[in-house]
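>>> sequence unknown, structure follows:
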């Protein structure tokens, strides 16, 4: 039904007015929702991004702590290696633990390497 046409039936007129009111009501409700949806979406994306970043920061800190523990253990092993590789410690371990002693003159044999 065109707007310029005359009203022939009162029911048609009421129906047309009612439909026009419904369209206005839908537009009035839809506008704030359509404006709020992108804002809410941006907020959710930011929150998810911050959650991911904080999770990665937590993992980095955990890995740093673990690396520090491993470095301390490595330093301890290096100290043990240096302690066990010194000549005096080797000699003491041989005498005390293995009951070894220097050879006597009768136990020594000399080898001639000039040939």
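Okay, I see it. What you see is a predicted model; the values in this text were computed from it and never measured.

>>> in this structure, which segments are predicted with low confidence?
1-8, 14, 17-19, 21-22, 115 (pLDDT under 70).

>>> where exactly do the helices run in it?
Taking DSSP state H, the helices of the chain run over residues 10-85, 87-96.

>>> Could you dump those helices into a markdown table and include distance to residue 114 and mean neighbour count?
From N, CA and C alone the C-beta is placed, and that goes for glycine too. A markdown table is the format used below for the helices of the chain (distance: least, CB to CB, whole Å; neighbours: other CB atoms under 10 Å):
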| stretch | distance to residue 114 | mean neighbour count |
| --- | --- | --- |
| helix 10-85 | 33 | 10 |
| helix 87-96 | 29 | 11 |
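
>>> now residue 85: how far from residue 25?
Distance of residue 85 to residue 25, given as CB to CB, to the nearest Å: 89 Å.

>>> swap that for residue 111, sorry
112 Å.

>>> quick one: residue 48 from residue 54, how far?
According to CB to CB, residue 48 and residue 54 sit 11 Å apart.

>>> To clarify, my last question referred to residue 99.
Taking CB to CB as the measure, residue 99 falls 62 Å from residue 54.

>>> picking up where we left off before, can you redo the helices of the chain as CSV with distance to residue 104?
Formatted as CSV, those follow (distance: least, CB to CB, whole Å):
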stretch, distance to residue 104
helix 10-85, 28
helix 87-96, 15
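
>>> Ok, which of those comes nearest residue 103?
helix 87-96 (12.4 Å; CB to CB).

>>> how far is that closest one from where the chain is centred?
Counting by CA atoms, centre = their mean, to the nearest Å, helix 87-96 is centred 49 Å from the centre of its parent chain.
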